[in-house]
Every structure is written in C-alpha cells, then in structure tokens.
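*Asks:* fold the following and give me the result.
(one chain, ligands or ions: 1)
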Amino acid sequence: MSTWQEVLKQRSISSLDSLAERFGAEQFPELDRLRQAAENFEFRISPAMVDLIKEPNDPIWRQYVPTVQELEVVDGVVDSLNEDEDSPVPNITHRYPDRALFLVSPVCASYCRFCTRRRKVGDPEKIPLSQFESAFQYLESHAEIRDVILSGGDPLLLSDRRLEAILIRLRAIPHLQIIRIGSRVPCHLPERITPELCDLLKRFHPLFLNTHFNHPDELTPAAVHGLGMLADAGIPLGCQTVLLRGVNDTPEVMTKLMHGLLMARVRPYYIYMADQVAGGEHFRTTVETGLRIMKALRGWTSGLAIPAFVIDAPGGGGKIPLLPEYVESFNEDEVVLRNFKGERYVYRQPRELVTVGGRITDPEYDLQPDFELPKSRKRAPRTPKQP
Ligand code: SF4
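*Replies:* Model prediction:
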C-alpha cells in the first residue's frame, strides 16, 4: 500500500499541462495569463480533490484551479489580516491576549486559490522550518499565552517525527494549556490520517483540531473515516468554512455541509466571510449573502449545526461576529424580538436594570453600552440612596 507521501507525490496534479491533459486543453484558452496566475501562488490539487471534480467550474474546480481572475486586483490586499505586523518573531503571530498562531509548515496537500496566506504558503523561505527556536522561546517567555494554534500551510503535512518534536517542546511549556491544529488534510489527503498519527496526537491532550471543509461533496467516505479516527483518539473536531462565491453561497449547500459535518462528528465552528485578499477577490460574496445563510440555519436546524459567522477584520481587527437582526427594539422595559419565522415576541427586562445618561446599563454588566434610548423613554439617572 502506498504511503500518504507517495499518494501525494505520484497522483496529485501540479502543472497546468497535466490539468489540460486531464480535463482538455479547450478549458484553458488564456494559457499564458493562467501560467502567470499559477506562478503567483503555488499550484497543486491532491488526488482526493482531483477525483471530486465532476466538471470544469464546479465547486471543487473553483477552489483549486487557477484562473485569470486572480490577476485582477481591485481592492484586495496582500496581507489582508496584517498578520506580518503582529509577528514578533518569525513564524509567530500574536494578536489576541491569550493565544498565538504558530506557522509550522509551509506546504499544503492542495492549494486553495482563495487562501488568505497565499503570500507565503507554499514558500519555505517565507515559512522557514529552520527558525522555530525563536518561536519556541517567544511562547516560553510569554506566560499569558495559554492556547497555541499550529497552522501554516498544513501542520499535518509534517512527518510524524517532526510533528512529535514540536508537540513535545510545546507540552513542556507549563502555561500552554491548549494546543490546536488547523488542518485541511482530512479533506485534502485523508490517507494522512493514519493510526500512527492518531496515536501520536492523543499523547498531547488537550489537543483540538480545526479542519476546513467548504462543500458537502468534500465529505467523502475516506474523509469521514479519517475524521472518525481522529474523534476516536479523543480529539475534539471543529470546522472552519469559508463562504465562497460559486462554491457554497446558498442556504441549501451550506445546510447540507453543516449536517454532513455533524454526522462526521465535527462541530461547525466558523463560517468566514472570504478575506479581502489580493488574488482571491472573485471568491467574495456580499455580507448579506452570509447573513441570509445564517438566517436559513438558525431555528430551522439544530444549534449544533450552526457555527459563528464572522468577518476576520481587514487590517488585523480580529474576528468580528455577524448576526442576522432578531432584535426589533430595545429599551429599559422590554426587548421586542422576532423569532426565526419572523413572529414577534416581547421579553420583559429585569427590574434591576437602570439607565444612566440615557444608556441602558445593568449594575454589574453593561448590556449594550452604545444603545441610545429614544428621547421619550429616557429617565434621569438613579442616585444612590443616602444612608
Ligand atoms: S489548506 Fe489552508 S493554508 Fe493551505 S492553501 Fe488551503 S486555505 Fe491556505
């Protein structure tokens, strides 16, 4: 039986010529410009994904086959999340107070054309495997970091030996409570999920794995089997899905994907708006498309199947959740709500709620600090009783 390395090396498509041979040269009329797009960002389609392409321009094709649209940059940004600015040492991004991103692998089994990190993924010089020491030292010396996320590229494309060395070193850091791995391997290269890998990972609990599926067809029997092996190793599985034009931008496709993930024992974690990344702009949908999908999920299916819908804010603002509007009005007496069917309900505020300067506040928790009361509803601030 072939190893996962052999499968990846021998059966992937990694040149436009092989692509044209497989799907017909007529599919690629602008070959010269296409070569430029393929040069701008690494190109490889793993066997599992090649086998899933049913026809040109289908949802799987769109994710991996280069297109001349990648050359049309309108408002895309090379480092759209400003990750490099928040990088104190090579391979580390430290943006949030208690967690850090550690890029441990420059390569992926398939390269997604919408990749946010396309400026460096696929390039070992930009994600250098030789510079881990300063990253380890940074994590060791920052006691506020309790959660490290291994990413890349795809961490699970490292050999078991190298992965083990990284995990041993991380587990020796007392303040690191949680290790997370971000990997698209269960989708791209299910052959990589071996019993040996599962035995290795389960030695480093609490270890979480966030995978990435974008379309229900990607949940092949092999992928579901691999996910089951990881779940059996006690690894909590989450999924980060990217909302992509022409791939999963309808409620029907997204609902089917979320249900399929749960059946594969994966909890949907995030749906991301596609980032504003140069070269990937043609994948972007409107925010309203995402909100419409979330509205189609909430209430109509189990809460387990509903991830948070977020925009990773351009410029490094972090993940900002977006919710369809369910609150019709809000004052110190009541909140008027619409349920998933659009029906109206009223929830009475508790008596302790007071207003200060026209803003609704709670003695212990500011519910909506920026919510301004209509003038007619404003009350004078309460003054504390004199003893
Ligand atoms: S698997 Fe992840 S890191 Fe690799 S190309 Fe796709 S989105 Fe980028």
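*Asks:* quick one: mean pLDDT over stretch 208-220.
*Replies:* For stretch 208-220, the mean pLDDT works out to 98.
*Asks:* how long is it end to end?
*Replies:* Start to finish, the residues bounding stretch 208-220 are 22 Å apart (Cα to Cα, to the nearest Å).
*Asks:* starting at the chain centroid, how far to it?
*Replies:* Its chain's average C-alpha position is 11 Å from that of stretch 208-220, according to Cα atoms, centre = their mean, to the nearest Å.
*Asks:* also stretch 228-245?
*Replies:* Relative to its chain's centre, stretch 228-245 lies at 11 Å (Cα atoms, centre = their mean).
*Asks:* and it, is it in reach of the ligand?
*Replies:* No: with Cβ under 6 Å from any ligand atom as the criterion, the ligand is not reached by stretch 228-245; the gap is at least 7.6 Å. Where C-beta positions appear, they are placed from N, C-alpha and C, glycine not excepted.
*Asks:* one more: stretch 2-14?
*Replies:* No: using Cβ under 6 Å from any ligand atom, stretch 2-14 never reaches the ligand; the gap is at least 13.1 Å.
*Asks:* tell me which residues are up against that stretch.
*Replies:* With Cβ atoms under 8 Å, 6 or more residues apart in numbering as the test, stretch 2-14 has contacts from 19, 22, 43-47, 50, 109-110, 189, 191-192, 194.
*Asks:* give me the buried positions along that stretch.
*Replies:* Trp4, Val7, Leu8, Ser12, Ile13, Ser14 (16 or more other Cβ atoms under 10 Å).
*Asks:* from those, which single one is nearest Asp84?
*Replies:* Ser14 (26.9 Å; Cβ to Cβ).
*Asks:* for Val73, helix, strand, or coil?
*Replies:* Of the three states, Val73 takes coil under DSSP: H, G, I helix; E, B strand; the rest coil.
*Asks:* could you verify that Gly228 is part of a helix?
*Replies:* Yes: under three-state DSSP, Gly228 falls within a helix.
*Asks:* residues touching it, list them.
*Replies:* By Cβ under 8 Å, 6+ apart, the contact list for Gly228 reads Ala264, Arg265.
*Asks:* distance of it from the ligand?
*Replies:* Distance of Gly228 to the ligand, given as Cβ to the nearest ligand atom, to the nearest Å: 21 Å.
*Asks:* residue nearest the centroid of the protein?
*Replies:* The chain has Gln240 as the residue nearest its centroid, 3.6 Å off, counting by Cα atoms, centre = their mean.
*Asks:* so what's that one scoring on pLDDT?
*Replies:* For Gln240, the pLDDT comes out at 98.
*Asks:* in a strand, it, correct?
*Replies:* Yes: judged by three-state DSSP, Gln240 forms part of a strand.
*Asks:* quick check: it touching Asn210?
*Replies:* Yes: counting by Cβ atoms under 8 Å, Asn210 is a contact partner of Gln240 at 5.5 Å.
*Asks:* which neighbours do these two share?
*Replies:* Gly182, Tyr269.
*Asks:* close to the ligand: what parts of the stretch 101-250 of the chain are there?
*Replies:* Near the ligand, when you scan the stretch 101-250 of the chain using Cβ under 6 Å from any ligand atom, you find Cys108, Tyr111, Cys112, Cys115, Arg117, Val121, Gly152, Gly153, Asp154, Arg184.
*Asks:* mind listing which of the contacts of stretch 2-14 are in helices?
*Replies:* Counting by DSSP state H, the contacts of stretch 2-14 place Leu19, Arg22, Pro47, Val50 in helices.
*Asks:* so which of these wins on neighbours?
*Replies:* Among those, Leu19 has the most neighbours (other Cβ atoms under 10 Å), with 24 neighbours.
*Asks:* need the contact list for that residue.
*Replies:* So Leu19 contacts Ile13, Phe28, Ile45, Val65 (Cβ under 8 Å, 6+ apart).
*Asks:* farthest-apart pair in those residues, please.
*Replies:* Phe28 and Ile45 (14.0 Å).
*Asks:* more neighbours: which of those two?
*Replies:* Ile45 (26 against 20).
*Asks:* I'd assumed Phe132 was in a helix, is it?
*Replies:* Yes: judged by three-state DSSP, Phe132 forms part of a helix.
*Asks:* and the pLDDT for it?
*Replies:* At Phe132, the model reports a pLDDT of 95.
*Asks:* separation between it and the ligand?
*Replies:* 18 Å.
*Asks:* list the contacts of the closest residue to that residue other than its chain neighbours.
*Replies:* For Phe132, ignoring the flanking residues on the chain, the nearest one in space by Cβ to Cβ, 6 or more residues apart in numbering is Asn91 at 6.7 Å. The neighbours of Asn91, taking Cβ under 8 Å, 6+ apart as the test, are Phe102, Leu103, Val104, Ile127, Pro128, Gln131, Phe132, Ser134, Ala135.
*Asks:* and stretch 186-200, what's buried?
*Replies:* For stretch 186-200, using 16+ other Cβ under 10 Å, the buried residues are Pro186, Cys187, His188, Leu189, Pro190, Glu191, Arg192, Ile193, Leu197, Cys198, Leu200.
*Asks:* which element is the last one on?
*Replies:* It stands for Leu200. helix 195-201 (DSSP states H and E).
*Asks:* can you add distance to Ala38 and pLDDT and give the ones in helices among the contacts of stretch 2-14 back as CSV?
*Replies:* CSV is the format used below for the ones in helices among the contacts of stretch 2-14 (distance: Cβ to Cβ, whole Å; pLDDT from 0 to 100):
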residue, distance to Ala38, pLDDT
Leu19, 9, 94
Arg22, 15, 94
Pro47, 19, 98
Val50, 16, 97
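*Asks:* nearest to Leu167, of those?
*Replies:* Nearest to Leu167 among the ones in helices among the contacts of stretch 2-14, with distances taken as Cβ to Cβ, is Pro47, at 27.4 Å.
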